[in-house]
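Colleague: Okay, predicted coordinates and the sequence, questions at the end:
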Amino acid sequence: MVVTRFNPSIQLREARRGFELLSAMLDEVSGSGAGKGQGDFVPAINTREGEYAYHVEVDLPGMTKEDINIQVEDNTLVISGERKVKEEIKEDDYYRIESRFGSFSRSFSLPEDADTENIHAESADGVLEVIVPKLESAKVDKVKKIAIK
């Protein structure tokens with residue numbers, strides 16, 4: 001039996017190399033090969049169901065309502081937009097840029113009780129909230145009494 005000295009830095013280096021390879025493959029598959037900071041902007045999204053509506057909250061710091069598109073197509077809510085690079089950014093002046101830029105598109109299948117005719121959106125403090133009301137008939141039908149014959 002050969003005894004070898006355990007060196008955690010070798011295992012960590014190999015794990016990091018594997019992670020970088022996996023990350024590069026995922027970037028290639030997702031089409032975000034525009035370089036770090038560009039082309040890989042994916043906003044954080046929270047969804048919740050209230051008593052009368054569904055809510056979709058999207059973190060979009062630095063974006064205006066003109067940069068965002070919201071539409072319903074085939075009972076699917078689509079939120080898309082583009083976070084543009086600020087013109088005054090000069091990479092030579094920065095030690096590190098963690099802000100992400102680029103186009104994004106997120107889709108959500110709406111439930112049958114979604115009132116697609118009355119969807120509305122509000123934006124404040126870099127957070128977009130899309131409110132999808134529930135149909136009135138769906139609220140009434142939640143509890144149905146069954147008659148005994």
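Modeller: Received, thanks.

Colleague: V58: neighbour count?
Modeller: Residues within reach of V58, counting by other C-beta atoms under 10 Å, total 23. For the C-beta atoms, the positions are set from N, CA and C on the backbone; glycine is no exception.

Colleague: And the one 10 residues further on, by the same measure?
Modeller: The number of residues packed around I68, counting by other C-beta under 10 Å, is 20.

Colleague: Domains in the chain, by residue range?
Modeller: 10-38, 41-138 (automatic domain parsing).

Colleague: Pick the most deeply packed of those domains.
Modeller: Neighbour counts averaged per stretch over the domains of the chain are highest for domain 41-138, at a mean of 13; criterion: mean count of other C-beta atoms under 10 Å.

Colleague: okay, the domains of the chain in a markdown table with mean pLDDT and distance to V2 next?
Modeller: Putting those into a markdown table (pLDDT from 0 to 100; distance: least, C-beta to C-beta, whole Å) gives the following:
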| stretch | mean pLDDT | distance to V2 |
| --- | --- | --- |
| domain 10-38 | 64 | 16 |
| domain 41-138 | 86 | 43 |
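
Colleague: Can you lay out those as JSON lines showing distance to A147?
Modeller: Compiled in JSON lines, the domains of the chain are given as follows (distance: least, C-beta to C-beta, whole Å):
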{"stretch": "domain 10-38", "distance to A147": "54"}
{"stretch": "domain 41-138", "distance to A147": "20"}
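
Colleague: Figure out which of these is closest to I146.
Modeller: domain 41-138 (18.2 Å; C-beta to C-beta).

Colleague: Quick one: distance of that closest one to the chain centre.
Modeller: The chain centroid and the centroid of domain 41-138 are separated by 8 Å under C-alpha atoms, centre = their mean, to the nearest Å.

Colleague: could you pull out the strands for the chain?
Modeller: For the chain, the strands defined by DSSP state E occupy 45-49, 53-59, 68-73, 76-83, 102-109, 120-124, 127-133.

Colleague: so which of the ones you listed comes closest to G18?
Modeller: If you check each of these against G18 by C-beta to C-beta, strand 102-109 wins as the nearest, at 26.2 Å.

Colleague: related to what we said a few turns ago, can you redo the strands of the chain as a markdown table with distance to R13?
Modeller: Listed next are these as a markdown table, based on distance: least, C-beta to C-beta, whole Å:
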| stretch | distance to R13 |
| --- | --- |
| strand 45-49 | 35 |
| strand 53-59 | 34 |
| strand 68-73 | 42 |
| strand 76-83 | 34 |
| strand 102-109 | 31 |
| strand 120-124 | 45 |
| strand 127-133 | 40 |
